[in-house]
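Participant: Prediction below, plus the sequence it came from.
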Amino acid sequence: MHRLMRAALRPVTYSRWVHLCVPILMLAVWMFIEPAAPWVPLLIVIPLGLLPWMRLAEGLQAQFLLTPPDRGAGSDGQAEENSFSTIASKKWSDRWRTLLWLEIRLVVSLATMGVTVWLPVITVQLVTTALGGTVTTDNLVPAALPAWAAWALAPVPLVLLFVVVILLGEMITAIARRLLGPSAAERFTALEVRTEQLLERTRIARELHDSIGHALTVAVVQAGAARAAGDPEFTDRALSAIEDTGRAALEDLDRVLLVLRESGQRPSQRPTLAEADRLLESARASGATVDAQLIGPLDQLPGPVAQEGYRILQEALTNVLRHCGPVPVRVRIGMVADRLDLEVTNPLPSRPTVMAGGGSGLRGMRERAALLGGEAETGLYQGGWRVRARLPLERIR
């Protein structure tokens with residue numbers, strides 16, 4: 001009883017009722033034309049069910065009327081596992097499932113029509129009998145029924161109507177999920193799309209973390225050093241370094257925002273290791289002593305390796321400034337046989353600088369290297385800290 005009362009208060013119960021009543025319009029028109037052949041609509045829907053777009057129409061209708069709370073749970077025309085396919089049929093198996101759905105829907109709607117019409121009629125006849133009136137045609141209530149019994153039985157058909165409608169609604173929804181649900185191929189396509197979206201979001205998060213995090217770290221270190229130095233000339237150099245780093249960060253931010261807006265414009269080129277000097281000079285301007293050795297034609301590296309290598313170097317230098325301050329840094333970047341080696345080492349101060357944030361940068365470096373089939377190691381090394389990445393070249397080419 002509690003479930004029945006709760007279902008009676010749910011809007012989806014009545015939207016499912018509307019869904020059950022929609023085919024009644026076609027049945028009613030046909031019954032007006034040829035009442036002796038109620039089975040003909042079952043033949044009429046056969047060619048309709050084999051049309052590819054019919055699955056799209058039925059899927060959208062089921063989505064809006066049978067499970068409105070779940071609408072919008074999926075993406076790219078594909079909903080979650082318990083929802084419906086909203087694309088045209090691509091295989092004959094989908095067309096046959098759609099045809100079977102149309103046939104079952106007509107039969108269930110025919111039952112709904114009988115329940116919706118005759119149960120309220122019985123209630124009206126019971127009330128008429130209770131009031132002492134006479135039912136002249138199609139009397140479904142015994143004429144000798146006492147008035148008190150008629151009053152007592154009058155609500156029963158309406159309650160039964162709600163029960164039947166609720167049960168039919170749940171039944172037709174279960175059948176629709178079975179016959180109009182995404183096929184295995186559609187689920188696989190939706191999974192691929194979802195995976196691509198998650199990978200893109202992760203990549204954008206790494207880009208923002210590395211570029212903006214580096215710029216803010218340099219700005220904080222420069223500002224603190226300038227305030228401690230009290231030297232106007234040093235302050236001018238610090239402000240110039242902050243300006244250059246901030247301008248580069250704004251370029252990265254604009255590029256990422258273009259991707260997020262999906263404006264269709266081609267984003268600006270991502271920085272590569274050919275521009276590593278910009279990072280090294282930024283670290284030097286922050287007070288760090290950078291011993292850099294760049295070996296090989298870094299401007300000829302494959303695009304993905306050069307881009308991800310730049311971000312790994314950027315994150316490594318950012319972590320040095322963030323946690324250790326302006327300490328000596330040793331940078332080695334070189335092309336060795338079929339791979340790119342990148343190594344950043346620095347000593348650990350007795351009292352490391354602690355700044356808010358952190359934790360995702362090291363994981364991001366490892367993820368970048370893993371996406372290229374390489375590896376990145378971070379940890380203690382000879383009393384200091386080392387970031388070491390090895391990125392393969394051959395499989396990228």
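Facilitator: Alright, I've got the coordinates. Numbering: from 1, shown residues only.

Participant: can you count the residues close to residue 157?
Facilitator: 20 (other C-beta atoms under 10 Å). For glycine as for every other residue, the C-beta is placed from the backbone atoms N, C-alpha and C.

Participant: Check the protein for me, the residue farthest from its geometric middle.
Facilitator: residue 144 (64.5 Å; C-alpha atoms, centre = their mean).

Participant: Would you mind giving the secondary structure of that residue?
Facilitator: Following DSSP: H, G, I helix; E, B strand; the rest coil, residue 144 is assigned to coil.

Participant: domain assignment for this protein?
Facilitator: Split into domains by automatic domain parsing, the chain comes to 2-182, 189-392.

Participant: now residue 302: how far from residue 273?
Facilitator: Between residue 302 and residue 273 the distance, using C-beta to C-beta, to the nearest Å, works out to 11 Å.

Participant: Surely residue 340 forms part of a helix?
Facilitator: No - using three-state DSSP, the assignment for residue 340 is strand, not a helix.

Participant: wouldn't it be in contact with residue 305 here?
Facilitator: Yes - using C-beta atoms under 8 Å, residue 340 is in contact with residue 305, at 5.6 Å.

Participant: Comparing these two, which shows the higher neighbour count?
Facilitator: residue 340 (26 against 23).

Participant: Report how many residues lie close to the nearest residue to the more buried one once chain neighbours are set aside.
Facilitator: Leaving out its chain neighbours, the residue that sits closest to residue 340 by C-beta to C-beta, 6 or more residues apart in numbering is residue 391, at 4.5 Å. Neighbours of residue 391 under the rule other C-beta under 10 Å: 26.

Participant: Now do the helix or strand containing residue 391: which elements does it pack against?
Facilitator: Taking DSSP states H and E as the criterion, residue 391 maps to strand 384-392. Helices and strands touching strand 384-392, by 3 or more C-beta pairs under 8 Å, 6 or more residues apart in numbering; DSSP states H and E, are helix 303-323, strand 339-347, helix 360-371, strand 375-381.

Participant: Could you identify which of the ones you listed is most buried?
Facilitator: helix 303-323 (a mean of 23; mean count of other C-beta atoms under 10 Å).

Participant: Quickly note the distance from residue 377 to residue 341.
Facilitator: For residue 377, the distance to residue 341 - C-beta to C-beta - is 12 Å.

Participant: This structure: helices as residue ranges?
Facilitator: Here the chain has its helices, by DSSP state H, at 2-8, 11-33, 40-49, 52-65, 92-130, 147-153, 155-179, 184-229, 232-261, 276-285, 303-323, 360-371.

Participant: Show me what counts as buried in the fourth one.
Facilitator: Neighbour counts using 16 or more other C-beta atoms under 10 Å place 54, 55, 56, 58, 59, 60, 61, 62, 63, 65 of helix 52-65 among the buried residues.

Participant: Isn't residue 305 up against residue 342?
Facilitator: No - using C-beta under 8 Å, residue 305 is not in contact with residue 342, being 9.9 Å away.

Participant: can you tell me which residues contact the closest residue to residue 271 other than its chain neighbours?
Facilitator: What sits nearest to residue 271 in space, not counting adjacent residues and going by C-beta to C-beta, 6+ apart, is residue 310, at 5.1 Å. Applying C-beta atoms under 8 Å, 6 or more residues apart in numbering, we find residue 310 in contact with 270, 271, 272, 273, 275, 276, 279.

Participant: would JSON lines of the domains of the chain with mean pLDDT be doable?
Facilitator: Below are these laid out as JSON lines (pLDDT from 0 to 100):
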{"stretch": "domain 2-182", "mean pLDDT": "80"}
{"stretch": "domain 189-392", "mean pLDDT": "79"}
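
Participant: List the contacts of the closest residue to residue 88 other than its chain neighbours.
Facilitator: With sequence-adjacent residues excluded and distances taken as C-beta to C-beta, 6+ apart, residue 88 is closest to residue 52, at 4.1 Å. By C-beta under 8 Å, 6+ apart, the contact set of residue 52 is 88, 89, 90, 95.

Participant: For residue 52, give its distance to residue 95.
Facilitator: On the measure of C-beta to C-beta, residue 52 and residue 95 end up 7 Å apart.

Participant: anything in contact with each of those two?
Facilitator: Contacts common to residue 52 and residue 95, judged by C-beta under 8 Å, 6+ apart, are residue 89.
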